[in-house]
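# output the structure for:
(chains A and B)
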Amino acid sequence: MSSGRSLVKIRDLKIEGLAGEDWLPIVNGIDLDLATGEVLGLIGESGAGKSTVGLAAMGFTRDGCRISGGSIEFDGIDLVAAPLEEKRSLLGRRIAYVAQSAAASFNPAHKLIDQHTEGPVLHGVSTQQESQEDAMALYARLRLPEPESIGFRYPHQVSGGQLQRAMTAMAMSCRPDLIIFDEPTTALDVTTQIEVLAAVRDIVEQFGTAAIYITHDLAVVAQMADRIKVLLKGDEVEENDTRAMLEDPKEDYTKSLWAVRSFRRPEQPPAGSGVEPVISVAGVTAGYGAAPDVLHDVSFDIHAGRTVAVVGESGSGKSTVARCITGLLPPRGGEVRFNGEALPAHYRARSKDRLRQVQMIYQMADTALNPKLRIRDIVGRPVQFYGGLRGAELRRRIEELLEQIEMEPDLYIDRLPSELSGGQKQRIGIARALAAESQFIICDEVTSALDQLVAEGILKLLDRLQNELNLAYMFITHDLATVRAIADEVVVMKDGRVVEAGPKTEMFTPPHHDYTDLLLSSVPEMDPDWLDRLLEQRGVENIGEAARVRLD
Amino acid sequence: MSGLARMIGQRLALGVFTLLVVSMVIFAAIEALPGDFAQAILGQGATPEAVAAIRESLGMDRSPVVRYFAWLGGVFSGDFGVSFNQLSFQSQYGQTGERDVVTVADQLAPRFANTIFLAATAAAVAVPLSLALGMLAALYRGSIFDRAANVGTLTSISSPEFFVAYILILFLAAANPIFPSISKIHADLDFWERLYRTVLPALTLTLVVTAHMMRMTRVAIINLLASQYIEMARLKGVPRWRVIVHHALPNALAPIINVIALNLAYLVTGVVVVEVVFVYPGIGQMFVDAVKLRDMPTVQACCLVFAAAYILLNLLADVFSVLTNPRLRHPK
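As a prediction, the model looks like this:
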């Protein structure tokens, strides 16, 4: 494993970032060693400094950051002191980078292959012609469809998972000694992720490239890395070989990361057969504008006190169902019933009381809260609008709501959203939904933008509120771990249709619908051999997009 | 591409409608001005009989609505009418009968060609100059060069055109007689002589329009420098100038093209003052004279040319913006 010679040697690295007028520390003295051909996993939550350290290993800092101390050596070259031109000749040629969002990292104005060949040609590694042929060979190796021609497309003509693989190919274009993978699969669906993971690992092994793999997902890093280094707020927590780290984490913080997915909502008794569901989606068909239908005859029920998780990949129609229930998108066919009564299709046709009954919590708490309003106004507005409370009564109700979401009223009532953390903002989003005193709340990917520890806190809070207030949740998510934690029933959607629905326990035990099976088997597990086993079981042709296409 | 063709069709139809509205507004505005052509041409010593005679010969005793539609009818059959100025002399000298009169269109054509020549000369300098300056300012953002370019172009845009023009005359014509201060242009001049006489007005216009285009180029590029594909390009070891020219510029073109179109339109329509200062025989000069005389057909024709220039250049800008967007050029 670490038998190769030393490639990267970072000692006591300190990096500061400009915040307003002041330089604040981002990384406080980190050591890092990487040998040739070795893969190091860097994990931590947002703000841990993972990406900053990863970029620093390339001798690069983002605008507004500076290296304030320590040394970075790449193959004997001092990257802190090296002149700009010398560093530039290394970038792309000997050290390459794969970014989180391939869609944003490919230049929309140029064809993939032109971006692929730019590095090799500029660095004088190969000619345009040679590099093009090499690109096609790499595309084929990464199992991209039509490797001969896909490179001549523009980025918007290629899917996300394919782009991510094309970017990995681009990183390999000069056959670098080191690749920095910066959360390369975070933005992808699970079934797509697995394909990219397999491709990345194959190519790293094939060419003996050293890599730093940055992620917040432990199960992913377990498949990819020889060693794992855990970071927290710019400090190293611990480092060890992958297996040793997974089996026996030493530090409390690491253990808490490992334990995060332990939350399980206790099994709820199923609703009786005669009980009227709170929300009943009945044969809903819908589409946007003049475009063809994106939902086809979608039906499911949600009972009081129960959580229905709607699962599916991007584009499966999960959020569109939510838009139909809220009345933002009137269905073309079918109807939505609330406690047995049909809701008017368009929200404008709904009375205030009907509007009150359907509340939403959004994925991006950042953009869902008005940044100019104080917490008292954000939470107070629905209280006023639906409840008609004023003055002292209003204030008391706001305080009560803040207490329900476990935030000290005196401390937070006069703050602006910008003065809250991500998790706190999401709590305010929950309080705003509670303020309407509805029986039903739609939670649209409410935890997917949060770190795992924070997300778990939100799930626990939602669970507690559900028990106290007998709420019904529709929980939209693509994360099956979240489903396992909180759902009572699961609805699996694909291409605008419900492919499987039923109690959670049934969903997680075979036999499943083929698509459910594909989804479930694609969720990485904390076992370093999981990917190998899966590839062995299913075969490389039977994962990801290829498998999905086969299902259609 | 059929979408693009449809857009062009719609915009052209809308453009014709806009021209119609413009002609009404101009007609109404001239009607609202005190005095009319007869009073203007006869001046202080006008006798009521003379004024009435001219009005009658020009048909100005009819109601404004009738006159507008008479004019409009002519336009739709391709006849922009005859300048009052031409007609008036006939009536004053008592000539009768149809003679070969010079129509507005005949008068306008050479003038328009002159104006286009001036605008094109200014644009040929200003557009590449401002693009280059904008890219350099983005490349060396925050440097002395960036600031100097900003201050320089801002100063030139903040000064009134005639002032810039007189300063140029002072330094390049009076103090150092390099260029002529009066642009005597006529049809027999060869290209280089014509260009030589156009230098000062073209330079004035260049100074006036460069700032806007340069600053837009700079901002459009700087806005993109934070995007991930720019970071990716830098991490591939692409040199800074190439990052700007090859990776940022193609994506910044749409806003830049729109600003260029606005400024080109200004070069055609905004030349009035500059033409007057340099006595440049363009459409602007003609327009000013026509307004003074309340010469309705000429004013209308000039205004329609101006409006058409705006409409066409903006349409052209939108077409080019669409063409620079790979998403629209190469749909999925």
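
# name the spans of the stretch 151-300 of chain A whose pLDDT lies under the cut-off.
For the stretch 151-300 of chain A, applying pLDDT under 70 flags the ranges A:259-262.

# near chain B, which residues of it?
For the stretch 151-300 of chain A, the residues in contact with chain B (CB under 8 Å from any CB of the partner chain) are A:153, A:154, A:156, A:157, A:170. For glycine as for every other residue, the C-beta is placed from the backbone atoms N, C-alpha and C.

# how about a cut-off of 7 Å?
The stretch 151-300 of chain A comes close to chain B at residues A:154, A:156, A:157, as judged by CB under 7 Å from any CB of the partner chain.

# make JSON lines from those residues and add neighbour count and secondary structure to it.
Putting those into JSON lines (neighbours: other CB atoms under 10 Å in any protein chain shown; DSSP: H, G, I helix; E, B strand; the rest coil) gives the following:
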{"residue": "A:154", "neighbour count": "19", "secondary structure": "coil"}
{"residue": "A:156", "neighbour count": "15", "secondary structure": "helix"}
{"residue": "A:157", "neighbour count": "17", "secondary structure": "helix"}
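
# avg pLDDT for the host helix or strand of residue A:130?
Taking DSSP states H and E as the definition, one finds residue A:130 inside helix A:128-141. Across helix A:128-141, the average pLDDT comes to 89.

# what's the offset of it from the middle of its chain?
31 Å (CA atoms, centre = their mean, to the nearest Å).

# identify all contacting residues around it.
A:113, A:116-117, A:120-121, A:126, A:147-148, A:150-151, A:166, A:169, A:172-173, A:203 (CB atoms under 7 Å, 6 or more residues apart in numbering or on different chains).

# send me it as PDB with only the CA atoms.
Extracted C-alpha coordinates of helix A:128-141, given in PDB (Å, rounded to 0.1, in the frame of the first residue of the first chain):
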ATOM      1  CA  GLN A 128      -4.300  17.200 -30.700                       C
ATOM      2  CA  GLN A 129      -4.700  14.000 -32.800                       C
ATOM      3  CA  GLU A 130      -3.000  11.700 -30.300                       C
ATOM      4  CA  SER A 131      -4.900  13.200 -27.400                       C
ATOM      5  CA  GLN A 132      -8.200  12.800 -29.200                       C
ATOM      6  CA  GLU A 133      -7.500   9.200 -29.900                       C
ATOM      7  CA  ASP A 134      -6.500   8.700 -26.200                       C
ATOM      8  CA  ALA A 135      -9.700  10.500 -25.100                       C
ATOM      9  CA  MET A 136     -11.800   8.000 -27.100                       C
ATOM     10  CA  ALA A 137      -9.900   5.100 -25.600                       C
ATOM     11  CA  LEU A 138     -10.400   6.500 -22.100                       C
ATOM     12  CA  TYR A 139     -14.100   7.100 -22.800                       C
ATOM     13  CA  ALA A 140     -14.400   3.500 -23.800                       C
ATOM     14  CA  ARG A 141     -12.500   2.300 -20.700                       C
END
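
# what are the buried residues along it?
Residues of helix A:128-141 classed as buried: A:131, A:132, A:134, A:135, A:136, A:138, A:139, A:141 (neighbour count, 16 or more other CB atoms under 10 Å in any protein chain shown).

# ok, so of these, who is nearest residue B:291?
Ranked by distance to residue B:291 (CB to CB), the buried residues of helix A:128-141 are led by residue A:132 at 62.9 Å.

# the closest one and residue B:181, how far apart?
59 Å (CB to CB, to the nearest Å).

# likewise for residue B:299?
As judged by CB to CB, residue B:299 and residue B:181 stand 28 Å apart.

# more crowded one of the two?
Counted by other CB atoms under 10 Å in any protein chain shown, residue B:299 and residue B:181 do not tie: residue B:299 has more neighbours, with 25 against 17.

# quick one: residues contacting that one.
B:26, B:30, B:287, B:290, B:291.

# pick out the lowest-pLDDT one from those residues.
Within the contacts of residue B:299, residue B:30 has the lowest pLDDT, namely 80.

# right, and that residue touches residue B:295 too?
No: Residue B:30 is beyond contact range of residue B:295, at 9.0 Å (criterion: CB atoms under 7 Å).

# quick one: residue A:545 is in a strand?
No: counting by DSSP: H, G, I helix; E, B strand; the rest coil, residue A:545 is not part of a strand but helix.

# before we move on, back to that, using ChimeraX, define a selection of the buried residues within the contacts of helix A:128-141.
In ChimeraX syntax, the buried subset of the contacts of helix A:128-141 is picked out as below (16+ other CB under 10 Å):
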select /A:113,116,117,120,121,126,147,150,151,166,169,172,173,203
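
# check the contacts of helix A:128-141 and tell me the two furthest apart.
Spatially, the most separated pair among the contacts of helix A:128-141 is A:121 and A:203, at 21.0 Å (CB to CB).

# give the contact list for the closest residue to chain B within the stretch 351-500 of chain A.
Residue nearest to chain B within the stretch 351-500 of chain A (CB to the nearest CB): residue A:495, separated by 17.0 Å. Residues in contact with residue A:495 (CB under 7 Å, 6+ apart) are residue A:316.

# need the pLDDT of it.
At residue A:495, the pLDDT value in this model is 85.

# quick check: residues of chain B near chain A?
B:227-229, B:232-233, B:235-239, B:247, B:250-251, B:326-327, B:330, B:332.

# go again using 8 Å as the cut-off
B:226-229, B:231-239, B:242, B:247, B:250-251, B:324, B:326-327, B:330, B:332.

# without its sequence neighbours, what residue ends up closest to the residue of the stretch 151-300 of chain A found nearest chain B?
Residue nearest to chain B within the stretch 151-300 of chain A: residue A:154 (4.6 Å; CB to the nearest CB). Spatial nearest neighbour of residue A:154, excluding adjacent residues (CB to CB, 6 or more residues apart in numbering or on different chains): residue B:326 at 4.6 Å.

# next step: the residues of chain B next to chain A restricted to helices.
The members of these that map onto helices under DSSP state H are B:228-229, B:231-235, B:242, B:250-251, B:324, B:326-327.

# and those, which are buried?
Among these, those buried by neighbour count (16+ other CB under 10 Å) are B:228, B:229, B:231, B:232, B:233, B:234, B:235, B:250, B:251, B:324, B:326.

# which single one of the residues you listed is nearest to residue A:78?
Out of those, the member with the shortest distance to residue A:78 (by CB to CB) is residue B:235, at 19.2 Å.

# contact partners for that closest one?
A:55, A:58, A:60, A:91, A:92, A:96, A:97 (CB atoms under 8 Å, 6 or more residues apart in numbering or on different chains).

# okay, residue B:30 and residue B:295: which has more neighbours?
Just comparing residue B:30 and residue B:295: by other CB under 10 Å the higher neighbour count belongs to residue B:295, 26 against 19.
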